[in-house]
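K.L.:
Below are the sequence and a predicted model; questions follow.
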Amino acid sequence: MNPDALIVWATAIATLGVYTILYRENPVSRLFEHIFVGLSAGYLIVATWTLNLQGKWWNPMVHDRKWYWVFAPIVGLLFYFIYSKRYLWLARLVMGLFFGTAAGYFFREFFPLYSPQVYACFKPLRADASIGWADVILHHWIFVIILLTVMSYFFFSVPHEGRFGRALGRSAGLGRWFLMIAFGAMFGNTVMARISLFIGRVQFLLNDWLIPSFQRLGLGG
Amino acid sequence: MMASAPQSPWQRLQGIPRYYIYLLLAAVVVWQILFPIRLPITPSAATKGVFAAIESVPDGKLIIISADWDASTQAETGPQTEAIIHACFQHHKRFALMSLGAPMGIKLADDLARRVAEQYDARYGVEWCNWGYKFGYDNVLIAMAKDIPKTIGTDFHGAPVAQLPMMAGVTEISSIGLVIEITGLAGISEYWIGLIQGVYGTPFASAYTAVMAPGYYPFLDSKQMKGMLVGAKGGAEMELLVGRPGLGGAIMAAQSWAHLFIIALIVLGNVGYLLASASERRRR
């Protein structure tokens, strides 16, 4: 058997093995699940070494005499002092460094990421030379009504009593309906995604495995 | 011992074992793969946006295709990547593959690019290259914005990227004409938009698995994204735009019929539930 055919057979057996979970929990599907997790983890370690650490850390340290890179893993190893009551402060030191850096990055990223979305919420509600009434109602009015009603659903500071409170309650109720519609659309997309993955596997099983195997046996055209 | 009351057909319908439904769904999919009846596909505005974004990249600039997907979402992201690579070659745009979050995916994307490149006689290092998997998310992007060759270092095959002919003149982020993020992982686009598109104005487009796409529509509305491919459907639409029918279109044929089957089951299940409840009430 040539190596390509062997790979196809192994892939087909692994696919069918994992799909046995659809009948019930069983050792075969567990076995292939563990093989997949193990392979992924192994690949990640090798890729991290060959595509990142070797070129960025090991080679400069060993071949280019940038000896100060030796401190990088020492700083990383400080994390393990989390298991020592006496030297826990060393782990906290390095964690604080990472938390601070991550918070700084997030702060830097937050405004360019979300402020354009806030600006995009301000939409003209009247037709003008650039946009007709049909588009204004279909796109802008619907957008603004849904935005306001959904936001009112998450406004919990006012009880739904009295004139204002009852109006807020009605708006929140409408917002809840809009949220449900959005969740339905999201769930529809989830079904689409899962079915796509399943079709991809069936495509492989039929076109790469079963049909060529039958053809090799002289069965089928 | 009391005998249980006879069940109506509608009540029995509620108790069908789920694996019968899986088998029926598999039968529909196999039927459509072997004897496809294709329903029409019309490219959406979001898909056309990706195509137009590739078309409008200035000749001197590079496209980054961030292939942050792996085997688990290949049925959706594979056809998307292939169609995007076709669009790049057809418009003579140079591109670099890279990955921030999926070390396995970059090998799969490399295989795809190599296969498509052969169809256009495109040479590695001249028309396209693969920067490989670069670990560090935001650190990588912040560093790339200032100095791309130094940040990337070596390509997927271990060669220094600065020595590739297509990298001549590529220094920092202003050398990039478009970033296309293809992923099934939530969160990576936020790095690209927050640290690159939002800060330097580099155009950004995306291709997502269908399950995560709804969360990113606001970025399309706010024009932070030029376009977006949604799942296998987006892949099939892009294949149509580049005139290369492929796996995306084949998946969509089976997908449409599988969806019709699921819709029929949902209707049948709900009608059955209502009729079973009504017959239960009558019996009481």
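P.N.:
On my side now, so go ahead.

K.L.:
who are the neighbours in contact with residue 212?
P.N.:
Since no chain was named, I'll use chain A. Listed by CB atoms under 8 Å, 6 or more residues apart in numbering or on different chains, the contact set of residue A:212 reads residue A:8. For every residue, glycine as well, the C-beta is placed using N, CA and C.

K.L.:
should've been chain B
P.N.:
Listed by CB under 8 Å, 6+ apart, the contact partners of residue B:212 are B:183, B:184, B:186.

K.L.:
Type out the ChimeraX command that picks the buried ones from these.
P.N.:
Filtering those down to the buried ones (16 or more other CB atoms under 10 Å in any protein chain shown) takes a single ChimeraX command:
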select /B:183,184
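
K.L.:
now, which of the contacts of residue B:212 sits nearest chain A?
P.N.:
Relative to chain A, the closest of the contacts of residue B:212 is residue B:184; by CB to the nearest CB it sits at 8.4 Å.

K.L.:
Go ahead and confirm that closest one touches residue B:80.
P.N.:
No: assessed by CB atoms under 8 Å, residue B:184 is found out of contact with residue B:80, at 10.2 Å.

K.L.:
so does the helix or strand in which residue B:232 is found get close to chain A?
P.N.:
Element membership for residue B:232, per DSSP states H and E: helix B:231-242. Yes: interface with chain A: helix B:231-242 contributes B:231, B:232, B:233 (CB under 8 Å from any CB of the partner chain).

K.L.:
surely the last one meets residue B:253?
P.N.:
Looking back up the chat, that one is residue B:233. No: in this structure residue B:233 lies outside contact range of residue B:253 using CB under 8 Å: 11.6 Å.

K.L.:
And these two? Which one has more around it.
P.N.:
residue B:233 (26 against 20; other CB atoms under 10 Å in any protein chain shown).

K.L.:
any idea what sits nearest the more buried one, other than its immediate chain neighbours?
P.N.:
Counting by CB to CB, 6 or more residues apart in numbering or on different chains, residue B:233 lies nearest to residue B:252, which is 6.1 Å off, once chain neighbours are set aside.

K.L.:
can you tell me which residues contact the one you found?
P.N.:
Neighbouring residues of residue B:252 by CB under 8 Å, 6+ apart: B:38, B:39, B:41, B:232, B:233, B:236.

K.L.:
try residue B:234
P.N.:
So residue B:234 contacts B:44, B:46, B:47, B:50, B:80, B:207, B:208, B:213, B:228, B:248 (CB under 8 Å, 6+ apart).

K.L.:
touching chain B at all, the longest helix that chain A contains?
P.N.:
Looking across chain A with DSSP state H, the single longest helix is helix A:162-203. Yes: residues of helix A:162-203 are located near chain B by CB under 8 Å from any CB, namely A:182, A:185-186, A:189-203.

K.L.:
Residue ranges of each domain in chain A, please.
P.N.:
For chain A, the structural domains run A:1-65, A:68-120, A:131-221, going by automatic domain parsing.

K.L.:
Check whether the first one comes into contact with chain B.
P.N.:
Yes: counting by CB under 8 Å from any CB, chain B has neighbours in domain A:1-65: A:22, A:23, A:40, A:43, A:44, A:47, A:48, A:50, A:51, A:52, A:55, A:56.

K.L.:
Closest one to residue A:213 out of the residues of helix B:231-242 next to chain A, please.
P.N.:
Using CB to CB, residue B:232 comes nearest to residue A:213 of those, at 25.9 Å.

K.L.:
Could you count how many residues lie near the closest one?
P.N.:
Quick note: residue B:232 (other CB under 10 Å) scores 31 neighbours.

K.L.:
do the same with residue B:209
P.N.:
As a burial measure, residue B:209 scores 30 neighbours (other CB under 10 Å).

K.L.:
re earlier: can you redo the residues of helix B:231-242 next to chain A as a markdown table with pLDDT?
P.N.:
Formatted as a markdown table, those follow (pLDDT from 0 to 100):
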| residue | pLDDT |
| --- | --- |
| B:231 | 94 |
| B:232 | 93 |
| B:233 | 94 |
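
K.L.:
Specify which member of the residues you listed is nearest to chain A.
P.N.:
residue B:232 (4.2 Å).

K.L.:
which residues in the stretch 101-250 of chain B form helices?
P.N.:
Using DSSP state H, counting those that start in this stretch, the helices found in the stretch 101-250 of chain B span residues B:103-119, B:138-146, B:148-152, B:188-192, B:198-200, B:217-221, B:231-242, B:247-283.

K.L.:
Distance to residue A:138 for these - can I get that in CSV?
P.N.:
Putting the helices of the stretch 101-250 of chain B into CSV (distance: least, CB to CB, whole Å) gives the following:
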stretch, distance to residue A:138
helix B:103-119, 39
helix B:138-146, 37
helix B:148-152, 43
helix B:188-192, 28
helix B:198-200, 29
helix B:217-221, 14
helix B:231-242, 23
helix B:247-283, 26
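
K.L.:
Please tell me which one of the residues of domain A:1-65 next to chain B counts the most neighbours.
P.N.:
residue A:51 (23 neighbours).

K.L.:
pretty sure that residue is touching residue B:131, no?
P.N.:
No: using CB under 8 Å, residue A:51 makes no contact with residue B:131, being 9.3 Å away.

K.L.:
picking up where we left off before, could you give me the buried positions within the helix holding residue B:232?
P.N.:
Neighbour counts over helix B:231-242 (16+ other CB under 10 Å) mark B:231, B:232, B:233, B:234, B:235, B:236, B:237, B:238, B:239, B:240, B:241, B:242 as buried.

K.L.:
now could you export just the CA positions of that helix as PDB?
P.N.:
In PDB, the C-alpha atoms belonging to helix B:231-242 read as follows (Å, rounded to 0.1, in the frame of the first residue of the first chain):
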ATOM      1  CA  GLY B 231     -18.900  30.000   6.200                       C
ATOM      2  CA  ALA B 232     -19.000  27.600   3.200                       C
ATOM      3  CA  LYS B 233     -21.600  29.900   1.700                       C
ATOM      4  CA  GLY B 234     -19.100  32.700   1.600                       C
ATOM      5  CA  GLY B 235     -16.600  30.400   0.100                       C
ATOM      6  CA  ALA B 236     -19.100  29.300  -2.600                       C
ATOM      7  CA  GLU B 237     -19.900  32.900  -3.400                       C
ATOM      8  CA  MET B 238     -16.300  33.800  -3.700                       C
ATOM      9  CA  GLU B 239     -15.700  30.800  -6.000                       C
ATOM     10  CA  LEU B 240     -18.400  32.200  -8.200                       C
ATOM     11  CA  LEU B 241     -16.800  35.600  -8.400                       C
ATOM     12  CA  VAL B 242     -13.400  34.200  -9.300                       C
END
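
K.L.:
relative to helix A:162-203, how tilted is it?
P.N.:
Angle, helix B:231-242 to helix A:162-203, by axes from the mean of the first three to the mean of the last three CA atoms, to 10 degrees: 70 degrees.

K.L.:
So for the residue lying closest to residue A:189 once chain neighbours are set aside, what's the pLDDT?
P.N.:
Among residues not flanking residue A:189 along the chain, residue B:210 sits closest, at 4.5 Å (CB to CB, 6+ apart). Looking at residue B:210, its pLDDT stands at 94.

K.L.:
In contact with residue B:210, which residues are there?
P.N.:
Residue B:210 makes contact with A:189, A:190, A:192, A:193, A:196, B:76, B:230, B:231, B:232, B:233, according to CB under 8 Å, 6+ apart.

K.L.:
does stretch A:121-130 come close to chain B?
P.N.:
No: figure legend: stretch A:121-130 not in contact with chain B (CB under 8 Å from any CB); closest approach 8.6 Å.
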